[in-house]
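# one predicted model, sequence on top.
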Amino acid sequence: DAMVIQNPRYQVTQFGKPVTLSCSQTLNHNVMYWYQQKSSQAPKLLFHYYDKDFNNEADTPDNFQSRRPNTSFCFLDIRSPGLGDAAMYLCATSSLGEDGYTFGSGTRLTVV
Amino acid sequence: EDQVTQSPEALRLQEGESSSLNCSYTVSGLRGLFWYRQDPGKGPEFLFTLYSAGEEKEKERLKATLTKKESFLHITAPKPEDSATYLCAVPFSGAGNMLTFGGGTRLMVKP
């Protein structure tokens, strides 16, 4: 089945130790998104890509970076995770001109 | 500024007790309103898209409706498996597909 896959499902990292979360899609969608969702809160957009065109939200901390080496893959890098970065990280895709997102299952990040 | 507000934050129902969830929005030029279901520890799952006032869509025990200011998600005779967080979202004003999400309603249905 065409889908959005996030790895790993659960990630534990040490305070200040760089961590990378990955997302892959088989939908061939040209738009990919990274959202951060803290407990009982709405998902908050961090970045999105139109193809390889990177778009950073104004209030996304510099500590967060992203890479999209090809249509299928997108990565979220957190350079120096702090305790406040513990959250669910959601990857989503959409096709430009069509509405609605397809979400992955998310990666739950714990910072110790 | 685009805003999406959901109420109530949490809702407890007995099995079979019908109710409605509310999503109110302020956005220039609505280009659709989306409802998602999110189970604990999982990504949101798409339910409905509504595009114009008066539109309604149904899926099993769920019916979504849309007015010019708000949307309702009606749950008829809910079952425990309907327990989840329900999120609504609208595209940001202007171009692009970026969604603004409401805070969600956490629904708990007791047998």
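Arrived safely, thanks for sending.
# any buried residues in stretch B:71-78, and which?
Buried residues in stretch B:71-78, defined by neighbour count with 16 or more other Cβ atoms under 10 Å in any protein chain shown: B:71-73, B:75, B:78. No exception for glycine: its C-beta is placed from N, CA and C like everyone else's.
# can you put these in CSV and add pLDDT, secondary structure and distance to B:Val109?
Output for the buried residues of stretch B:71-78, formatted as CSV (pLDDT from 0 to 100; DSSP: H, G, I helix; E, B strand; the rest coil; distance: Cβ to Cβ, whole Å):
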residue, pLDDT, secondary structure, distance to B:Val109
B:Ser71, 97, strand, 21
B:Phe72, 98, strand, 18
B:Leu73, 98, strand, 14
B:Ile75, 98, strand, 8
B:Pro78, 97, coil, 5
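# just put those in JSON lines and tack on distance to chain A.
Shown next, in JSON lines, are the buried residues of stretch B:71-78 (distance: Cβ to the nearest Cβ, whole Å):
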{"residue": "B:Ser71", "distance to chain A": "15"}
{"residue": "B:Phe72", "distance to chain A": "19"}
{"residue": "B:Leu73", "distance to chain A": "16"}
{"residue": "B:Ile75", "distance to chain A": "20"}
{"residue": "B:Pro78", "distance to chain A": "21"}
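# columns distance to A:Phe64 on top of those residues, output as CSV?
Output for the buried residues of stretch B:71-78, formatted as CSV (distance: Cβ to Cβ, whole Å):
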residue, distance to A:Phe64
B:Ser71, 31
B:Phe72, 35
B:Leu73, 32
B:Ile75, 36
B:Pro78, 38
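# for A:Val4, see how far away B:Gln14 is.
35 Å (Cβ to Cβ, to the nearest Å).
# of those two, who's got more company?
Just comparing B:Gln14 and A:Val4: by other Cβ atoms under 10 Å in any protein chain shown the higher neighbour count belongs to A:Val4, 22 against 9.
# thought that one was touching A:Ser94?
No - if you go by Cβ atoms under 8 Å, A:Val4 and A:Ser94 don't touch, sitting 10.3 Å apart.
# shared neighbours of these two, anything?
Common contact partners of A:Val4 and A:Ser94 (Cβ atoms under 8 Å, 6 or more residues apart in numbering or on different chains): A:Thr102.
# looking at the buried residues of stretch B:71-78, spot the one nearest A:Met32.
Minimum distance to A:Met32 across the buried residues of stretch B:71-78 is 26.5 Å, recorded for B:Ser71 (Cβ to Cβ).
# is the closest one in contact with B:Thr65, as I believe?
Yes - applying Cβ under 8 Å as the test, B:Ser71 and B:Thr65 come out as touching, 6.5 Å apart.
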